[in-house]
Structures are given as structure tokens and as C-alpha cells.
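In: need coordinates for the below:
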Amino acid sequence: MPIADITTRKIAQYHLLYKKICRKCGALNPFTATKCRRCHSYNLRQKKRETKK
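Out: Model prediction:
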């Protein structure tokens with residue numbers, strides 16, 4: 001069921017897509033994180049985001 005309201009869609013996209021993933025253990029972290037919450041590694045990457053065309 002697609003979300004029709006634009007502001008609700010933007011909020012949902014932010015919470016689903018703007019994350020960082022630890023390269024060592026694979027844990028999801030907040031976008032503002034500098035180190036992993038689980039293994040305390042500094043080796044983080046941004047979650048890949050693709051838009052529909």
C-alpha cells in the first residue's frame with residue numbers, strides 16, 4: 001500500500017534509508033553514528049539508496 005501523503009513519505013524514507021551499516025559485524029546504526037553500537041568499530045558505510053524511476 002503506497003503512502004499518498006508527501007510529508008509522511010519523506011519521513012518514512014528518512015527512517016528506512018538513512019542508516020549506517022558496520023562493515024565488521026553488519027549492525028544497523030543511526031545516520032549520525034561515528035562508531036558501531038555493537039562492536040565499537042569505526043568502519044561504517046552508508047546504506048545504499050536507490051530511487052524508483
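In: all helices for this structure, in order.
Out: Along the chain, counting by DSSP state H, helices occupy 6-17.
In: all strands for it, in order.
Out: 19-22, 28-30, 44-46 (DSSP state E).
In: which one of the ones you listed lies nearest to residue 38?
Out: Minimum separation from residue 38 across the strands of the chain (Cβ to Cβ) falls at strand 19-22, 6.9 Å. Yep, even glycine has a C-beta here, placed from its N, CA and C like the rest.
In: before we move on, the earlier item: dump the strands of the chain into CSV; add mean pLDDT and distance to residue 7 as well.
Out: Formatted as CSV, the strands of the chain follow (pLDDT from 0 to 100; distance: least, Cβ to Cβ, whole Å):
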stretch, mean pLDDT, distance to residue 7
strand 19-22, 97, 20
strand 28-30, 97, 21
strand 44-46, 97, 23
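In: for those strands, which one ends up most surrounded?
Out: Compared across the strands of the chain, strand 19-22 shows the largest average neighbour count, a mean of 18 (mean count of other Cβ atoms under 10 Å).
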